[in-house]
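Chemist: got a predicted structure plus its sequence, pasted below:
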Amino acid sequence: MKDNIEIHGLSFRPYISQAQIAEKIAEIGQQVSRDYKGKSPLFLAVLNGAFMFAADLIRACEIDCAISFIRLASYDGLNSSGEVKTVIGLQDEDVKGKDVVIIEDIVDTGQTMAHFVPQLEEMGPASVAIASFLVKREALESDVDIKYVGFEIPNRFVIGYGLDYDGLGRNIPDIYQLAD
Ligand code: IMP
C-alpha cells in the first residue's frame, strides 16, 4: 500500500490492504455458499459503493445465484443525510419468494438498512439477509441484523474499494482511513 493519499484536500492513511480484503471475501464467500447450499439466492447490491464488493463476493460464491442492483440514499460528504429513497426501483415480482442477500459496502448509522429492509420485506421475499463489507458498530443507531460482516471498524471515515469521499476514491483497491 502507498503512503497517505489526499482527496479533496483531506489526508487518508492506509488501513485495510487489498490482500486482507481478498482473504476476507474468500471467507464470506464460503460462508454464504454453505448457508445457501441448494438454494439460489438473489444478491441485491446497493449502488454505488457496493459494486466492487458485490463483484468480488459473487465470484467467491460457489452456488447458483442471481444479482440485481439498487440505488438508495445519497450520502452527502462526510455526514449521512439520514434520508432514504429508492432511486432505481425494485419490482415485487423480482424478489417474491427469493432468498435475498443485500450487499452493502458499509453500514454506518444503519439508517439506510433500517429503512430499506422493511420495504423489501413487503415485497414477499422468502428471506432477507445483509452482507456488509464494513460495519461501524459504534455508529449504529438502528437495530440492524447484519449476517455477514467483513470488518468492524471504528467510527472514522474511510475511502477506497468502492467507497468515496464526494465522488472520489472508489477506484482505490485498498481501504484508507481519514488521518488525524
Ligand atoms: P448509514 O445509512 O448511515 O448506515 O450509511 C450507509 C451509507 O453511507 C453507505 O452505504 C455509504 O454509502 C455511506 N457511508 C457511511 N460511512 C462511510 C464512510 O466512512 N465512507 C464512505 N461512505 C460512507
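Modeler: Now that the structure is in, tell me what you want to look at.

Chemist: packing partners for the helix ranked longest in the chain?
Modeler: For the chain, the longest helix by residue count, based on DSSP state H, is helix 18-35. For helix 18-35, the elements it packs on are helix 51-59, strand 127-135, strand 148-152, judged by 3 or more CB pairs under 8 Å, 6 or more residues apart in numbering; DSSP states H and E. For every residue, glycine as well, the C-beta is placed using N, CA and C.

Chemist: residue closest to the middle of this protein?
Modeler: Geometric centre of the chain, nearest residue: E104, 1.7 Å, by CA atoms, centre = their mean.

Chemist: hang on, the earlier thing: list of residues touching the longest helix of the chain?
Modeler: 1, 41, 53, 56-57, 59-63, 101, 131, 133, 148, 150-151, 161, 173-175 (CB atoms under 8 Å, 6 or more residues apart in numbering).

Chemist: tell me the buried residues in the worst-scoring helix or strand of the chain on mean pLDDT?
Modeler: When each helix and strand of the chain is scored by mean pLDDT, DSSP states H and E, helix 92-95 comes last, with a mean of 82. Neighbour-count burial for helix 92-95 flags D94, V95 (criterion: 16 or more other CB atoms under 10 Å).

Chemist: quick one: contacts for D143?
Modeler: G110, A114.

Chemist: per-residue pLDDT, it?
Modeler: Note on D143: pLDDT of 87.

Chemist: repeat that for L90.
Modeler: The model's pLDDT for L90 equals 80.

Chemist: repeat that for N79.
Modeler: Value for N79, per-residue pLDDT: 52.
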